[in-house]
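Participant: show me the folded form of this:
(one chain, ligands or ions: 1)
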Amino acid sequence: MRIGIPRALMFYRYYPFLKTFVEGCGHEVVTSPPTDLGILEKGTECCVDDICVAVKAFFGHVDHLKDGVDALLVPRLVSVEKRRYDTFTCPKLIAAPDMVRFFPHRPPLLLEWVLDVKRAPWWWGCLRLGGRLGATPCRVLGAYREARREQARYEALLRGGSLPHEAIEEWESGPGEAAGITRGAGPRRAAGETAATGAREARGGNGGAGGNGGCLPPQAGQGKVAGDITVAVLGHPYLLGDGMLNKNLFRWLRESGARVLTNSAFSDEDLEREARLLPDISWSFERELLAAASLFSRRCDVDGIIYLTSFGCGPDSLVMEMFRRETLPRDGKAFMEVVLDEHSAESGVRTRAEAFVDMLRYRETKKAGGRLGAEAVARARAGGRT
Ligand code: SF4
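Facilitator: Residues are numbered from 1 along each chain as shown. Below you'll find the model as predicted:
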């Protein structure tokens, strides 16, 4: 069978796992292309107005796949971790297969992979899915083990500083390619930065952090150069990884001469250590985002933080408010919220990104009495912009 996986929502978190598993069960995997205007418009037409843009894009991808595959595979993420209190993901991620079931423009067969760690281990959902794919338990077990290995390789690429879509490309190009990553013509290269460097920087100083107060230093040897601007961007992987949804925010930041870090580079251990110092939240992914926000806000090499969110996102609206009220006043970092929807324009996001970096540079200038900021501007003009 040709099995389609829409390039949206949890694709950016679990695609390597799902692809390896399905192929291990003897089927072919087909994905939709990166989101373009046509896909987004189609998804928008098919959805109610007030649902988030991430879900609208998801339905555009489902529609795109409808004619070219025999079945559609959609993850159902109920819980992704065990805690002493109940944990969940966003209701849209829990109900994604149900939403698709009532969508008229979809392939006839709908398969779901259920992840409900609170009640059953990972392999349980795979056993059910493998049964529907006609694989024997023995084959399912082998495919599952291989899929977990590939998922770990993908996550190592994310920890290495790659954005989700970049990590997927690197993962697909194979272990040899991924090992020495210096990506091709991407914007990171324009900024003279390798993925491995990004990794070290993104993790810098998190390990061994003491209490909740105080500034975390950057990694030894990776200190902030006076006048350089570093911006941390927070968001769900499908917003970080989808250039059509984020309107190429990363490109505009890098072209403004800023070094960019994202929450996807933090290890689970770093996030867990930080999250223990913060209020409990039942939404697992938002708990991670809050922990990442807190870590970035304590990093002395981070000048400003951008939070990418979808218009109408319930979980983000709560977490952002907690971040704004509890973490930001403590550390005093510059903060910008970028709310995305299907009407967002690339020029608007670009203007905001450039203005944010200029404002950070102005602050640097004031701090250094004018000299450093002027040097940084000259440096950015000479090499940063393309
Ligand atoms: S977490 Fe927010 S952006 Fe993501 S699917 Fe749920 S409502 Fe949409």
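Participant: for the residue in the stretch 101-250 of the chain that the ligand sits nearest to, give me phi and psi.
Facilitator: Residue of the stretch 101-250 of the chain nearest the ligand, by Cβ to the nearest ligand atom: His236 (5.2 Å). For glycine as for every other residue, the C-beta is placed from the backbone atoms N, C-alpha and C. Here the main-chain torsion angles of His236 (degrees, to the nearest 10) amount to phi -70, psi 150.
Participant: that one contacts Ala54, doesn't it?
Facilitator: Yes: His236 sits in contact with Ala54 when judged by Cβ atoms under 8 Å, with a separation of 7.0 Å.
Participant: confidence score at the nearest residue to Pro137 once chain neighbours are set aside?
Facilitator: When the adjacent residues along the chain are set aside, Pro137 lies closest to Leu127, with 6.8 Å between them (Cβ to Cβ, 6 or more residues apart in numbering). Residue-level confidence at Leu127 comes out at 93, pLDDT.
Participant: what about Leu127, neighbour count?
Facilitator: Other residues near Leu127 number 16, with proximity taken as other Cβ atoms under 10 Å.
Participant: ok, Arg330 next?
Facilitator: Residues near Arg330, counting by other Cβ under 10 Å, number 12.
Participant: same check, this time on Gly312
Facilitator: Neighbouring residues of Gly312 were enumerated by other Cβ under 10 Å; the total is 16.
Participant: tell me which element it falls in.
Facilitator: Secondary structure assignment for Gly312, by DSSP states H and E: no helix or strand.
Participant: the chain should start at 30 in everything you say after this.
Facilitator: OK, 30 is where the count begins now, so the last one is Gly341.
Participant: so what's it up against?
Facilitator: Counting by Cβ atoms under 8 Å, 6 or more residues apart in numbering, Gly341 touches Asp79, Ile80, Cys81, Asp370.
Participant: quick revisit: so for the residue of the stretch 130-279 of the chain closest to the ligand, what's the nearest residue that isn't a sequence neighbour?
Facilitator: Of all residues apart from its sequence neighbours, Phe314 sits closest to His265 (Cβ to Cβ, 6+ apart), at 6.6 Å.
Participant: what's around the closest residue to the ligand within the stretch 230-379 of the chain, how many residues?
Facilitator: Scanning the stretch 230-379 of the chain for the residue nearest the ligand gives Cys342, at 3.1 Å (criterion: Cβ to the nearest ligand atom). The local packing of Cys342 (other Cβ under 10 Å) involves 23 other residues.
Participant: do I have it right that it meets Asp79?
Facilitator: No: in this structure Cys342 lies outside contact range of Asp79 using Cβ under 8 Å: 10.9 Å.
Participant: show the pLDDT at the residue lying closest to Asp370 once chain neighbours are set aside.
Facilitator: Taking Cβ to Cβ, 6+ apart as the measure, Asp370 lies nearest to Phe340, with 3.9 Å between them; neighbours along the chain are not counted. Reported pLDDT at Phe340 in the predicted model: 93.
Participant: how about Ser373?
Facilitator: On the pLDDT scale, Ser373 gets 87.
Participant: where along this structure do the strands fall?
Facilitator: When secondary structure is read from DSSP state E, the chain shows strands at 31-34, 57-60, 100-108, 138-145, 259-263, 288-291, 333-339, 363-369.
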